[in-house]
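[1] Whatever this is, show me its structure:
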Amino acid sequence: MKNFKQILKVSLLAAIMSGTTIFNSFAQSNWEVGLRFGEPTVAIDATIPLATAPRLHPAIYLSDNFGIGAYFDWMFSLSGGPQGLKFYAGVGPEFFFGDGFDFLVAGDFGAEYSFDFPLTVFFDWRPGFVVTDGFNFRGNNIGVGARFRFGDGISFQRE
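    Below you'll find the predicted structure:
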């Protein structure tokens, strides 16, 4: 019971911090929110641009094991490729609460396409190393999803 109370405190703190970050970005109108479907879970997925290319990419996993992830992504595009097509690579922590507590250091690798209307579709892979379980590798976190884009957002420019 004591462990459950600690988990609730950490979850509440993470939710407050995520909410504060999202609400602070309202004025910039640069963020996206949507759903990610994949293995092993469904997630509420968001992106919050920090500049033209890097962004904060939080996710709340809703399944047997409730989880929170926050990734720092770097954006890339193909030279001469379609305007809305972007690739990203990132890294960040993941926290899962369920039968026990798992802390992972995870990667975030994917591709996304932003349409002219406020919709972005994406495919990604989030492999991770479970630090709380002898540094075991988890590679099954593959997903697809769609996010609604609020406002005009930041125009991604090729470098």
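
[2] Just the pLDDT at T41, thanks.
    The predicted local confidence for T41 comes out at a pLDDT of 82.

[3] need the contact list for the nearest residue to P82 once chain neighbours are set aside.
    Counting by C-beta to C-beta, 6 or more residues apart in numbering, Y113 is the residue found nearest to P82 once chain neighbours are left out, at 7.4 Å. Where you see a C-beta, it was placed from the backbone N, CA and C, and this is true even at glycine. Y113 is in contact with P82, G84, L85, K86, T120, V121, F122, counting by C-beta atoms under 8 Å, 6 or more residues apart in numbering.

[4] Just name the closest of those residues to P54, please.
    Distances from these to P54 were compared by C-beta to C-beta; the smallest belongs to K86, at 12.2 Å.

[5] Please name the bridge partners of the closest one.
    Here K86 sits in beta bridges with E112, going by DSSP bridges.

[6] neighbours of it, just the number please.
    Residues contacting K86 under the criterion other C-beta atoms under 10 Å number 22.

[7] try G139
    10.

[8] one step back: buried among the contacts of Y113? Make that a ChimeraX selection.
    Command for ChimeraX that selects the buried part of these, burial taken from 16 or more other C-beta atoms under 10 Å:
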select :86,120,122
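
[9] any chance of the contacts of Y113 in TSV, plus secondary structure, pLDDT and distance to I68?
    Listed next are the contacts of Y113 as TSV, based on DSSP: H, G, I helix; E, B strand; the rest coil; pLDDT from 0 to 100; distance: C-beta to C-beta, whole Å:
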residue	secondary structure	pLDDT	distance to I68
P82	coil	87	33
G84	coil	88	29
L85	strand	94	29
K86	strand	93	24
T120	strand	94	21
V121	strand	97	23
F122	strand	97	19
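
[10] looking only at pLDDT, what's the mean for the helix or strand that contains A59?
    Secondary-structure assignment from DSSP states H and E places A59 in strand 55-62. Taken as a whole, strand 55-62 carries a mean pLDDT of 94.

[11] The nearest residue to N140 once chain neighbours are set aside pairs with what?
    Counting by C-beta to C-beta, 6+ apart, N140 lies nearest to E39, which is 5.4 Å off, once chain neighbours are set aside. As for beta bridges, E39 partners with I142 under DSSP bridges.

[12] didn't E39 look like it was pressed against N141?
    Yes: E39 sits in contact with N141 when judged by C-beta atoms under 8 Å, with a separation of 6.8 Å.
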